[in-house]
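S.K.: The following block contains a protein sequence and its predicted model.
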Amino acid sequence: MKDKVTTVDRRNFLSKVGAGTVAAAATLATPLVTPAQADNESADDKRKARYRVTDDVKAYYRVNRYPK
């Protein structure tokens, strides 16, 4: 009795792998999607300076300087 041998050509294999990848990505990305929320900052809050030169920032730039 001959055993039934199933062969899969390259095109069918790649299409099945691609479909599985898309399905897995959609399943994983679904919990990451959240509804948009309204912006609660005032116009003055949006324009205020946020960058602060602290000791940590100074140390970072001192350590990561290019050699002269």
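M.R.: Now that the structure is in, tell me what you want to look at.
S.K.: CA-only coordinates of the helix or strand that V57 is a member of in CSV, if you can.
M.R.: V57 is located in helix 55-63, with elements delineated by DSSP states H and E. Provided in CSV are the C-alpha atoms of helix 55-63 (Å, rounded to 0.1, in the frame of the first residue of the first chain):
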residue,chain,number,x,y,z
ASP,A,55,22.7,67.7,37.1
ASP,A,56,21.7,64.5,35.4
VAL,A,57,21.5,66.1,32.0
LYS,A,58,24.9,67.8,32.5
ALA,A,59,26.5,64.5,33.5
TYR,A,60,25.0,62.8,30.4
TYR,A,61,26.4,65.4,28.1
ARG,A,62,29.8,65.4,29.9
VAL,A,63,30.1,61.6,29.7
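S.K.: which residues sit against it?
M.R.: By C-beta atoms under 8 Å, 6 or more residues apart in numbering, no surrounding residue is in contact with helix 55-63. Heads up, the C-betas are built off the backbone N, CA and C, glycines and all.
S.K.: now that helix: how far from the chain's centre is it?
M.R.: 28 Å (C-alpha atoms, centre = their mean, to the nearest Å).
S.K.: Rounded mean pLDDT for it, please.
M.R.: Averaged across helix 55-63, pLDDT comes to 93.
S.K.: Grab the longest helix from this protein for me.
M.R.: Using DSSP state H to define each element, the chain has its longest helix at helix 10-29.
S.K.: Show me what counts as buried in that helix.
M.R.: Of all the residues in helix 10-29, not one is buried under the rule 16 or more other C-beta atoms under 10 Å.
S.K.: Which other helices and strands does it contact?
M.R.: Of the remaining helices and strands, none touches helix 10-29 by 3 or more C-beta pairs under 8 Å, 6 or more residues apart in numbering; DSSP states H and E.
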